[in-house]
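Participant: Predicted coordinates and the sequence they were generated for:
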Amino acid sequence: MQRDHIWWQTARVVVLGGFLAFAIFPLYWIVITSLKGQKEIFSLPIRYWPDEVTLLNYVEIFRISHFQVYIWNSFLVSLFASALVVAIAMLGGYVLARFSFRGKREVMFGFLVTQMIPIFIGMAPLYVMMSKMHILNSLFSLILIYTVMLIPFCTIIMSGFFQRIPNALEEAAMMDGCSRISALFRVIVPIMLPGIAATFIFAFVQCWNELIMAVLFIDEESVKTIPVAMNAFIKKYDIEWGAMSAATVLSVIPTMLLFAFCQKYLVEGLTQGAVKG
Amino acid sequence: MQTEKPIVVAKEPFVSPPKKPFRLSREGAFICLCLLPAVLFVGIFTYYPLLRGIIMSFQNYTLFNLLDVRFIGLDNFFAVLTSPEFPRVALNSFYWVAVSLFFQLLLGFALALFMRRRFRGRGIYQAFVFFPWAMSGFLIGLIWRWMFNAQFGVINDLLVKSGLIAAPIPFLADGKWALAAVIIANIWYGVAFFAIMILAALQSIPEELYEAAAMDGAGRIQQFWSVTLPYILPTMLVTILLRVIWILNFPDIIYAMTNGGPAGSTHIFATYMIDKVIFGQDYGQASAVGVIIVLLLLVFTVFYVKATRMEKGGDF
Amino acid sequence: MGVRSWIFAALQVSIATALLVGCSQPAANSGQTQPDGAKEQAGQEVRLKMVESITSPQRTALLKEMLTQFETKNPGIKVDLISPPFEGADQKITQMLMAKEELDVLEVREFNAKQFSMNGFIENLKPYTEKWSNYDQLTDVAKRRATWVDNTPYYIPNGLYQRVLYYRADWFKEAGIEAPKTWAELLAAGKKMTDPAKNRYGYSFRGGPTGWDYALIAMWAYNGTEVDPSSAFFLKDGRTLFSTPESLEAMRYYKQLYKEISPPDSVSWGFQEMVQGFVAGSTAMLIQDPDVIDGAKEKMQEGTWATAPLPIGPSGVAQQVVGGPGWGMTAYSKHKAEAWKLIEFLSDPEQSTHFAKKTSVIPVVKSAAEDEFYKTGYFQPFIEMNQQPQTFIDVSRPVDYKGWGAWQSAADKEIQSYLLDQLSAEDLLKKWDEYWTKERAERK
């Protein structure tokens, strides 16, 4: 192993600390704002620590809006959409990795092109479609559209993971009498678990934060997700910063927790399958 | 001493739309079945709306008069391309993508390099330093807008207090600064993605390669050039392509921070499109802008793939 | 065929659960977009769907209260209220109409009334208003809004949004001056108040979205009675507003407002920032609609602020654009009779005044002028202005012109360019003059 000079170590600390400060400062600011009273938020000079710490904002959002409902809705939507995407992406990714067939390039290119499409171009037609399907104002519409939005990227990622795992593994299983699919689920998936988890987390975070489609399809209180509810804090002449920051903090905690606990998977999942020796 | 290939996805030159294989063998059926959900979902809910959108771009579809929607050929495109704002929008889009990408890549890379070695609390550290990625673009825009506010904003406050500037800078009101401000917010957001991807790639480099290089007398810097970079290059190239596409199509931050202002100095194609829908009420022209975005990205991808394929030697 | 079963099983489980979740969501008391409208008549219950546009928690709560009253008075009719977030509500409503979403009563704004009617979205209410006893209870201003499209009522206004001058009574007292009555006085007063070192400015300038509106107010005040009230971008003699030397003067004045008495970053200020600036104590004056009153009452101390009529121009008059949202009916509604009942209820003078009081808007019925609430206090200047229609002239913008939408979005940027010295006043006015001359020509 290389030796670590002292200057290298201090450089490391400084750089890592710097990045942390840069990343965290806005978070700090939101948390502070969420703990300030209404009057303090708009007062000068700016206070970096509230004169009076208050949990009023948090109480407010549960009182005025049914924030717990939104949290639950967001959770359901993100969970199911991510699960669905992972399932679909696994199947698709598997065949993309293992086989070459006519049309494969087109499929992959087709997926890539979807990323180039700006959301707004399809909004009106999508709205009409959802309306005709009578699933407007239901969580299902979001689960559906989020799944669709995430399929391309996740399928490609999955296929990348599958590529890392040598054919030998499932071939061995198949020779023992398994069908391809059972081989897939019994042998490969366990090894790929980190990769699957990584994809799931990525999808989950995207769903959790999605605003545009949610606002488009959901109007009904009982079905709102967190971003829709937060959008409502933008009133005519005021952004209710107190409520908005409290809501932000609450909505960011689950994703941060997810990141924290599954960080291993997220990063290692992407390296999973590297065979040494 | 075999090492697995890192994630690589090669993008082929422009070919006709996706087709499923026509083999009727058992394997063929299996492939079809596995791909069916993906292709079906994407086809119905992404390509079909796109198609309708493209049709709209050839129509005079404005909310002013929905009863008289006709085909007007390329009129929308001409209108958009020759409008006085277009050069600015194009230029802004270029800066937006290029500058954001450059710094996101640079900083993400640096962060990944420094995070490579395990250290105590790295898990927690990761949760915090990658946290920007967990936020929605719109919210990020709002928060940074508040932070850049000339009177109540933290940034001005800090700058003034530290003596760097004498009076608060109206960042979002000044054409020169506004674009920089939104780009900064975007960099803040995107560093995490690069860091995660590159860190993953770095961690997959087998130690043996470094040991071998060290034995050959290579110093730290040289190891970086001869081992690290080549190994992660494929990952980086793919990530860069993806990010270019995603950044160009990312209106959320700008929309929330400046809505394209002041005086259109922060409008990019994507926000310009939104503007056309909401203020201009002109779906036809907005769709035309959308089509232009897709075409630009297609062209870019083709060139990019061709240019980088030679280095990768092709894969997939 | 183990292959198939595995895949289908996996997919089925996911989809089934998703469906279960999705379909179980809509709670009993919220309406779903199902085409049961017609079928429900069998059970003698009609469900109306209503959507509001100027959403706020208080307003929604108030509406729900009023709707409950309506339901009690009209057994057999239930109303589901949809309240999209304020930001983008009109967009949402437009989408709903375009998709022919099930909807019966909607909030129509004066700037989309024409569009909606032209596209066949909203119903002509004349057959109903002819039989309505309270129609003449509406003030002239309100009636003008209702019948703006082809002189036919397409919606019944529920409140009026007019602008008034808010000012820091305490600062003015300190400086020993009175509230300004003219634009010239406003500039002078503002200069006295402006002290950048203390972060104090004279005026909450609106340079951001829809900032051109304020430039127009200035131009109108300078051109006075020459302006054609029915299409205020034009003069009575047919020329555009932008072709006169008075307008040039007005624009120069307007820039002075920005440069000399407003915070520099107000060039991108929108509604929120303007109000924030005033309420948080950094500007002395604000011209805005009555929505501000509630927030100001909450955030500012009594006695530190007050309202006054709009400043008058050198011509001796001031124009005002009166916003008048209201309730309309969709042309494709399956329950038009019931929908009208609802509109009628909400527009009943008592209900309507109650609504106006609680949502801080100017009432649409004549009887409200006698109400104590409006005779004194912060609302008084509004009533005062409405009682002097010769001085405070009610004008309409040309929202019914084809090029209105496109002009709006370009105008925002052009005004900003002008304020930032990138475009001269002459060039700006010339642009607008050419644009609207063309529009007028094409209209014939």
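Facilitator: Nice, I can see it. If you're wondering where the values come from, they're calculated on a predicted model, not measured in any experiment.
Participant: wait, isn't C:Ile312 in contact with C:Pro180?
Facilitator: No. In this structure, C:Ile312 is not within contact of C:Pro180 by C-beta atoms under 8 Å, at 9.7 Å. The way it works is simple: take the backbone N, C-alpha and C, and place the C-beta from them, glycine included.
Participant: Which SSE is immediately downstream of the helix or strand of chain C at the bottom of the mean pLDDT ranking?
Facilitator: Using mean pLDDT, DSSP states H and E, the weakest-scoring helix or strand in chain C turns out to be helix C:37-40, at a mean of 41. Using DSSP states H and E, the helix or strand that follows helix C:37-40 in sequence is strand C:46-51.
Participant: Run me through the strand neighbours of that following strand, direction for each.
Facilitator: Looking at strand C:46-51 with DSSP bridges, its partner strands are strand C:77-82 (parallel), strand C:105-108 (parallel).
Participant: Can you name the residues in contact with the longest one?
Facilitator: So the one you mean is strand C:77-82. By C-beta atoms under 8 Å, 6 or more residues apart in numbering or on different chains, the residues outside strand C:77-82 that reach it are A:219-220, C:30-31, C:45-52, C:60, C:63-64, C:67, C:70-71, C:105, C:338, C:341-342.
Participant: Check stretch B:61-81 too.
Facilitator: Applying C-beta under 8 Å, 6+ apart, the contact partners of stretch B:61-81 are B:57-60, B:86, B:280-285, B:287-289, B:291-292, C:94, C:98, C:115, C:118-120, C:402, C:404-405.
Participant: Weed out the non-buried ones from these.
Facilitator: Those of these that meet the buried threshold are B:57-60, B:86, B:280-285, B:287-289, B:291-292, C:94, C:98, C:115, C:118-119, C:404-405, by 16 or more other C-beta atoms under 10 Å in any protein chain shown.
Participant: so C:Ala189 touches C:Met285, yeah?
Facilitator: Yes. Between C:Ala189 and C:Met285 there is a contact under C-beta under 8 Å: 7.3 Å.
Participant: tell me, what's touching the two both at once?
Facilitator: C:180, C:202.
Participant: Between the two, which is the more surrounded one?
Facilitator: Neighbours per residue (other C-beta atoms under 10 Å in any protein chain shown) separate C:Ala189 from C:Met285, with C:Met285 holding more: 27 against 24.
Participant: Give me the next element, helix or strand, following the helix or strand that one falls within.
Facilitator: According to DSSP H and E, C:Met285 maps onto strand C:283-288. For strand C:283-288, the following helix or strand on the C-terminal side (DSSP H and E) is helix C:291-299.
Participant: so what's the backbone phi/psi at the residue nearest to the spatial centre of chain C?
Facilitator: Most central in chain C under C-alpha atoms, centre = their mean is C:Gly323, positioned 4.9 Å from the mean C-alpha point. Main-chain torsions, C:Gly323, degrees, to the nearest 10: phi -80, psi 140.
Participant: ok, it - contacts?
Facilitator: C:109-110, C:160-162, C:289.
Participant: out of the residues you listed, which one sits closest to chain A?
Facilitator: C:Asp289 (9.2 Å; C-beta to the nearest C-beta).
Participant: Could I get the phi/psi values of the residue nearest to the closest one when sequence neighbours are not counted?
Facilitator: Once flanking residues are discounted, C:Asp289 sits nearest to C:Tyr161: 4.3 Å by C-beta to C-beta, 6 or more residues apart in numbering or on different chains. Main-chain torsions, C:Tyr161, degrees, to the nearest 10: phi -110, psi 110.
Participant: repeat for B:Gly217
Facilitator: Torsion angles at B:Gly217 (phi, psi; degrees, to the nearest 10) stand at phi 90, psi 10.
Participant: What are the structural domain limits within the chain?
Facilitator: Just so you know, I chose chain A. Domains of chain A are assigned by automatic domain parsing as A:1-64, A:65-269.
Participant: try chain C instead
Facilitator: Taken from automatic domain parsing, chain C resolves into C:41-161+C:324-364, C:164-321+C:382-443.
Participant: ranges for the helices of the stretch 201-316 of chain B?
Facilitator: Ranges of helices in the stretch 201-316 of chain B, per DSSP state H, counting those that start in this stretch, are B:207-215, B:220-223, B:229-248, B:252-257, B:269-278, B:283-312.
Participant: closest one to chain A among those?
Facilitator: helix B:283-312 (3.5 Å).
Participant: follow-up on the earlier one: would you tell me which one of the domains of chain A is buried the most?
Facilitator: Greatest average neighbour count among the domains of chain A goes to domain A:65-269 (a mean of 21), per mean count of other C-beta atoms under 10 Å in any protein chain shown.
Participant: on that earlier part again, and the buried ones among the contacts of strand C:77-82, selectable in PyMOL?
Facilitator: A single PyMOL command selects the buried members of these (16+ other C-beta under 10 Å):
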select buried, (chain A and resi 219+220) or (chain C and resi 30+31+46+47+48+49+50+51+52+60+63+67+70+105+338+341+342)
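Participant: Check the stretch 201-350 of chain C for the residue nearest chain B and tell me.
Facilitator: C:Asp265 (3.1 Å).
Participant: Could you check how far that residue is from B:Ser265?
Facilitator: 14 Å (C-beta to C-beta, to the nearest Å).
Participant: now B:Ser100
Facilitator: According to C-beta to C-beta, B:Ser100 and B:Ser265 sit 16 Å apart.
Participant: swap in A:Ala247?
Facilitator: 31 Å.
Participant: same thing with C:Pro245?
Facilitator: 31 Å.
Participant: hey, C-alpha coordinates of the lowest-mean-pLDDT helix or strand in chain B in PDB?
Facilitator: Ranked by mean pLDDT, DSSP H and E, the helix or strand of chain B with the weakest confidence is helix B:220-223, at a mean of 77. The C-alpha trace of helix B:220-223 is given here as PDB (Å, rounded to 0.1, in the frame of the first residue of the first chain):
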ATOM      1  CA  ARG B 220       1.200   7.600  -7.600                       C
ATOM      2  CA  ILE B 221       0.500  10.000 -10.300                       C
ATOM      3  CA  GLN B 222       1.500   7.700 -13.000                       C
ATOM      4  CA  GLN B 223      -0.600   4.900 -11.600                       C
END
